[in-house]
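S.K.: Could you look at this predicted model? Sequence included:
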Amino acid sequence: MEYREIVSVTGLGGLYQLLATKSDGAIVRDLSDKSTKFISSRLHNVTPLESIEVYTTADNVRLHNVFMAMEEKSTDVQKPDPKSADSKSIKKYFKTIFPDFDEERVYISDMKKMLKWHDVLKANDLLKFEAEKAEDANTEESTNEKAE
C-alpha cells in the first residue's frame, strides 16, 4: 500500500485504500478495520489524499507537507487529541507546526480531520513511506545539481 492509493470518501469518516474503480463507483478498503466495500459514485465522491491542498497565507501546500511537519515536530510539540481537545488548543498546535495556516479558511473541523488522518496514516506506516519519498526526491535534485 502506498500513500498515492489512499483516498477520502465524502459522507464516510476515516481513510480508505482505493482497490479498484468501476464506471458506477469504486471498491475501497477501510484503513482502520480493513473491511472492503463498494462506494457508489452517485452517493459519494472519492478524493486522493495526494491531491488535497491546505490553505496558507502564501501558496497552498499539499496535505502531505502538513503531515510531515506534524512528524518533524512530534517530539517538540504535544499533539492534541481530536476527540477531546478544545478549539483553542487545536488552533495553537497548528500554528506551532505550520505557522502559515490561513486561519480564516482552514476550519477547526478540517484541523481535527487532519489530526485523525495523521493517526490513521501513522498506524499504517504510510508517513514513513512519504518521508523516504521526499528524501529520495531531495537526493535526486542534489545529484542533478552536482552533475550540471
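M.R.: In hand now; what should we look at? Numbers count the residues shown, from 1 in each chain.
S.K.: measure residue 34 to residue 16 for me?
M.R.: Note on residue 34: its distance to residue 16, by Cβ to Cβ, to the nearest Å, is 11 Å. Quick note: C-beta positions are derived from backbone N, CA and C, even for glycine.
S.K.: Looking at those two, which one has more neighbours?
M.R.: Relative neighbour count places residue 16 above the other of residue 34 and residue 16, with 25 against 9, counting by other Cβ atoms under 10 Å.
S.K.: ok, and what's touching the helix or strand hosting residue 19?
M.R.: Remark: residue 19 resides in strand 16-22, with elements defined by DSSP states H and E. Contacts of strand 16-22 with the rest of the structure, by Cβ atoms under 8 Å, 6 or more residues apart in numbering, involve 1, 5-9, 26-31, 36, 38-39, 46, 48.
S.K.: Go again with 7 Å.
M.R.: Counting contacts by Cβ atoms under 7 Å, 6 or more residues apart in numbering, the residues outside strand 16-22 that touch it are 1, 5-7, 9, 26-31, 36, 46.
S.K.: Show the average pLDDT along stretch 4-19.
M.R.: Mean per-residue pLDDT for stretch 4-19: 89.
S.K.: Can you mark which positions in that stretch are buried?
M.R.: For stretch 4-19, burial by neighbour count (16 or more other Cβ atoms under 10 Å) applies to 4, 5, 6, 7, 8, 9, 15, 16, 17, 18.
S.K.: Restricting to C-alpha, output it in PDB.
M.R.: C-alpha atoms of stretch 4-19 as PDB (Å, rounded to 0.1, in the frame of the first residue of the first chain):
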ATOM      1  CA  ARG A   4      -1.000   7.700  -3.500                       C
ATOM      2  CA  GLU A   5      -3.600   4.900  -3.100                       C
ATOM      3  CA  ILE A   6      -5.200   6.500   0.000                       C
ATOM      4  CA  VAL A   7      -8.500   8.300  -0.500                       C
ATOM      5  CA  SER A   8     -11.100  10.200   1.500                       C
ATOM      6  CA  VAL A   9     -14.700   9.400   0.700                       C
ATOM      7  CA  THR A  10     -17.400  12.100   1.200                       C
ATOM      8  CA  GLY A  11     -20.000  11.000   3.700                       C
ATOM      9  CA  LEU A  12     -17.800   8.400   5.300                       C
ATOM     10  CA  GLY A  13     -15.300   9.000   8.100                       C
ATOM     11  CA  GLY A  14     -11.800   7.700   8.000                       C
ATOM     12  CA  LEU A  15      -9.400   6.900   5.200                       C
ATOM     13  CA  TYR A  16      -9.500   4.200   2.500                       C
ATOM     14  CA  GLN A  17      -7.200   2.400   0.200                       C
ATOM     15  CA  LEU A  18      -8.500   2.600  -3.400                       C
ATOM     16  CA  LEU A  19      -8.500  -1.000  -4.700                       C
END
